[in-house]
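Colleague: The following comprises the amino acid sequence and a computationally predicted model.
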Protein chains: 2
Amino acid sequence: MAEEKKQEVEELTEVEAAEAPTTEHDEETEDIDIPEVSEVEELTNKFNEMEDKFLRARAEIANMSSRNKNEREQLVRYRSQDLGKKLLPAIDNLERALATEVTDDQGASLKKGVEMVLESLNVALKEEGITEIKAEGETFDPNLHQAVQTVPAEADVKAETIVNVLQKGYQLHDRVLRPAMVIVAQ
Amino acid sequence: MAEEKKQEVEELTEVEAAEAPTTEHDEETEDIDIPEVSEVEELTNKFNEMEDKFLRARAEIANMSSRNKNEREQLVRYRSQDLGKKLLPAIDNLERALATEVTDDQGASLKKGVEMVLESLNVALKEEGITEIKAEGETFDPNLHQAVQTVPAEADVKAETIVNVLQKGYQLHDRVLRPAMVIVAQ
């Protein structure tokens, strides 16, 4: 035991002697080495964290970009929804006014003017993507039509067929602005 | 070929240096220290670059966010511009139709209907931010009015005053949809 210990000490001395010829040098190398290993680790961790934050930010940019593109497209596509909806009663009233029978030239001229206005309103709505919902003769679709009355289906009319339209419905692209009010055979 | 050879030579030199540290101690310490210091430097540089990229990405996110908010607000604010513009001729025509003199009850009823429609159209436009441009009696403003005729200014009418409106102008918030066509005193 004692011998072994002695040998160990000798070996250590040898190693020390080989690795560090001067005491000064020894200390210096230790001082530099130990913090550097942990500094490297620390820096690597910091870098990895920062890289992770950067990659998340880049993903967020990509998400924002596609989300915003989508939002803009939706806003443009449905931009006429509010004004379009508000015009529907005006169109109803013009159509009702046209049902008035006129007896003289002045009345006929007024009626002609109203017809032209109605025509131009419908063109403007169509250009913005607002169209009348098909109803009469179609199969009833609760997404597009609102049944306000039913009549018994007869031999030449199948059940669930719309037999009459009480108020026109309108849709903006795929969105219903107002369902058609209809009478359905049942 | 030449490059490969050069690299081979460099590798050999490195191996030699690593395998034979014994000749001078100073060199040995340098051999150990230099890679570590440069590793720290390299990592620090990599971290700084990554941090810079992250900060730029974060700034870009902030910019995108405010730019998109602004774009959305503009799209919503002026969404009725196109449909609104297309409605103006219809309103002109309805107003013209109302100038027709009617002689019987049917004509009067038709006219009453048209008046109501016109009223509802103007309400719908106003709700969307579309209003008539003030013109008659106002001072001529080339941003809002288009002079199609001038008359000599008289004692009770100052120069540059609008004395008559030939066609109404409309604006959507601060944007002119159509200038008013006017006659100006000069």
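Modeller: Received, thanks.
Colleague: Could you give the average pLDDT over stretch A:72-83?
Modeller: Averaged across stretch A:72-83, pLDDT comes to 96.
Colleague: Then stretch A:57-67?
Modeller: Average pLDDT, stretch A:57-67: 97.
Colleague: got a list of contacts for that stretch?
Modeller: Applying CB atoms under 8 Å, 6 or more residues apart in numbering or on different chains, the contact partners of stretch A:57-67 are B:54, B:57-58, B:60-61, B:64-65, B:68. All C-beta spots, glycine's among them, are computed from the backbone N, C-alpha and C.
Colleague: Show me just the buried residues among these.
Modeller: Among the contacts of stretch A:57-67, those classed as buried by 16 or more other CB atoms under 10 Å in any protein chain shown are B:54, B:57, B:68.
Colleague: domain ranges for chain A?
Modeller: According to automatic domain parsing, chain A comprises the domains A:2-77, A:81-185.
Colleague: any idea which element residue A:114 lies in?
Modeller: Using DSSP states H and E, residue A:114 falls within helix A:105-127.
Colleague: One more: residue A:182?
Modeller: strand A:180-185.
Colleague: need the helices for chain A, in chain order.
Modeller: With DSSP state H applied, chain A shows helices at A:2-19, A:23-77, A:81-98, A:105-127, listed in chain order.
Colleague: how about the last one: buried residues?
Modeller: Counting neighbours by 16+ other CB under 10 Å, one finds that the buried residues in helix A:105-127 are A:106-107, A:109-111, A:113-114, A:116-118, A:120-122, A:124-125.
Colleague: Could you check how many residues crowd around the closest residue to residue A:92 other than its chain neighbours?
Modeller: With sequence-adjacent residues excluded and distances taken as CB to CB, 6 or more residues apart in numbering or on different chains, residue A:92 is closest to residue A:167, at 6.8 Å. With neighbours defined by other CB atoms under 10 Å in any protein chain shown, the count for residue A:167 comes to 15.
Colleague: Give the bridge partners for residue A:167, please.
Modeller: Bridge pairing for residue A:167 (DSSP bridges) gives the partners residue A:181.
Colleague: can you pull the contacts of it?
Modeller: Contacts of residue A:167 by CB under 8 Å, 6+ apart are A:92, A:178, A:180-181.
Colleague: Also residue A:47?
Modeller: Residues counted as contacts of residue A:47 (CB under 8 Å, 6+ apart) are B:43, B:46-47, B:50.
Colleague: cutoff 6 Å now
Modeller: With contacts defined as CB atoms under 6 Å, 6 or more residues apart in numbering or on different chains, residue A:47 is in contact with B:46-47.
Colleague: With the one 3 residues further on instead?
Modeller: If a contact means CB under 6 Å, 6+ apart, then residue A:50 has B:50-51, B:54 as its contacts.
Colleague: Try it again at 8 Å.
Modeller: Residue A:50 makes contacts with B:47, B:50-51, B:54, as judged by CB under 8 Å, 6+ apart.
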